[in-house]
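J.: predicted model and sequence follow; I will ask about them next.
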Amino acid sequence: MTVIAFIGLGNMGGPMAANLVKAGNRVQGFDLVAANLTAAAATGVAVAADSDAAVEGADAVITMLPAGKHVLSVWEAVAPRVRRGALLIDSSTIDVDSARRSHAIAAAHGLLSIDAPVSGGTGGAAAGTLTFMAGGAKDAFAKAEPILKPMAGRIVHCGDAGAGQAAKICNNMILGISMIGVAEAFVLAEKLGLSHQALFDVASTSSGQCWSLTSYCPVPGPVPASPANRGFTPGFAAALMLKDLKLSQDAAQSTGAVTPLGAEATQLYGLFNALGHGGADFSGIISMLRGEHGQS
């Protein structure tokens, strides 16, 4: 039985840890939020009193945390305490520089590590169909792959340290831009008197086809599983989209990349969040584009 420490048992980490338990692993979990610990315990996670207790005897440590500073803090604390030969995996979405610094922390203690952010949202976390984008040495990835499989629909080795985060940031910039484009098209269609279903039937089988349309359509009806059918309950919250877009623009600035649509998407999601909709699904930005500022 593989012993896995899981630190960060929130909306994503909780169901991910539950899938590891279902696969027959012993999962020792810790989170600062008591309600998250209670929920995790109900799925079979062995709740630990703190991060030190969580990593005791662990073969692998997985972190799913809000930002780079949290990942670095936890890795600095646990790296000296994990057993020799353990693997460190970070599945948070953080900046590339922090990801590379976390790898350096692991290396300083003789530990293998990968950065492995995910795509697929809370639905993918619960279903065990997340896409993992992994960065790190080949031997670290080989060791991590069987650990990630119970949580994954697809696992891609993107390159060396930080490459997973780079792929995640680029992917989510595409996602933010494309969702705005799809939402704008539906708003225009409404003004032109075109039904939601008619636009969907054409665009989903034509050159306008994209994931934001076919899997996450921002209007109710055409895609029954999309958050638009649940009042834009996330899903993937707008606040998290804004976080990822800001990461993309920080990366663009540091590398000199020109990303005008990424910059515009960041501004629009910043406004959507400022209007109080950070907790709504990111596809709810269609309400703002309609001029419904008080709604999500």
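T.: Everything's here; your move. No experiment lies behind these values; they were computed from the predicted model shown.

J.: pull the helix or strand with minimum mean pLDDT from the protein.
T.: helix 121-127 (a mean of 91; mean pLDDT, DSSP states H and E).

J.: just how off-centre is the very next helix or strand once past that helix within its chain?
T.: Of the helices and strands lying after helix 121-127 in sequence (DSSP states H and E), the nearest is strand 130-135. Distance, stretch centre to chain centre, for strand 130-135: 10 Å (C-alpha atoms, centre = their mean, to the nearest Å).

J.: about what we covered before: off-centre distance for the least confident helix or strand of the chain?
T.: With C-alpha atoms, centre = their mean as the basis, helix 121-127 stands 10 Å off its chain's centre.

J.: now do the buried residues in that helix.
T.: 121-122, 124-126 (16 or more other C-beta atoms under 10 Å). In short, each C-beta sits where N, CA and C put it, glycine included.

J.: do the same with stretch 22-35
T.: So, applying 16+ other C-beta under 10 Å, buried residues of stretch 22-35: 23, 25-31.

J.: also stretch 178-192?
T.: 178-180, 182-183, 185-187, 189.

J.: do stretch 76-92 as well
T.: 78-79, 81-82, 86-92.

J.: that stretch: end-to-end distance?
T.: One end of stretch 76-92 sits 16 Å from the other (C-alpha to C-alpha, to the nearest Å).

J.: rewinding a little: between the buried residues of stretch 22-35, which is nearest residue 240?
T.: residue 31 (17.5 Å; C-beta to C-beta).

J.: dump the residue contacts of that closest one.
T.: The contact partners of residue 31, by C-beta atoms under 8 Å, 6 or more residues apart in numbering, come to 7-10, 13, 37, 40.

J.: element containing residue 4?
T.: strand 3-7.

J.: neighbouring contacts of that strand?
T.: Against strand 3-7 from outside (C-beta under 8 Å, 6+ apart): 13, 16-17, 20, 25-31, 45, 48, 51, 54-55, 57-65, 74, 78, 82, 147.

J.: what does stretch 133-146 give?
T.: Contacts of stretch 133-146 (C-beta under 8 Å, 6+ apart): 60, 87, 89, 99, 103, 112-119, 148, 155-168, 171.

J.: where does the chain have low pLDDT?
T.: 293-296 (pLDDT under 70).

J.: by contact count, what packs against the least confident helix or strand of the chain?
T.: helix 13-22 (3 or more C-beta pairs under 8 Å, 6 or more residues apart in numbering; DSSP states H and E).

J.: buried ones in the helix it packs on?
T.: Neighbour-count burial for helix 13-22 [16+ other C-beta under 10 Å]: 13-21.

J.: output those residues in CSV; the columns should cover distance to residue 277.
T.: As requested, the buried residues of helix 13-22 are exported to CSV (distance: C-beta to C-beta, whole Å):
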residue, distance to residue 277
13, 24
14, 24
15, 24
16, 26
17, 29
18, 29
19, 30
20, 33
21, 34
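
J.: and residue 237, its phi and psi?
T.: phi -70, psi 150 (degrees, to the nearest 10).

J.: please tell me how far it sits from residue 10.
T.: Remark: distance between residue 237 and residue 10 (C-beta to C-beta, to the nearest Å) = 11 Å.

J.: the two: which has the busier surroundings?
T.: residue 237 (23 against 20; other C-beta atoms under 10 Å).

J.: for the more buried one, name its beta-bridge partners.
T.: residue 281 (DSSP bridges).

J.: please shift the residue numbers so they start at 180 in all later answers.
T.: Understood, numbering begins at 180; the last thing we discussed is residue 416.

J.: for it, give me its contacts.
T.: 457-461.

J.: buried subset of these?
T.: 457, 459-461.

J.: what's the closest of these to residue 390?
T.: Of the buried ones among the contacts of residue 416, the one sitting nearest to residue 390 (C-beta to C-beta) turns out to be residue 461, at 12.6 Å.
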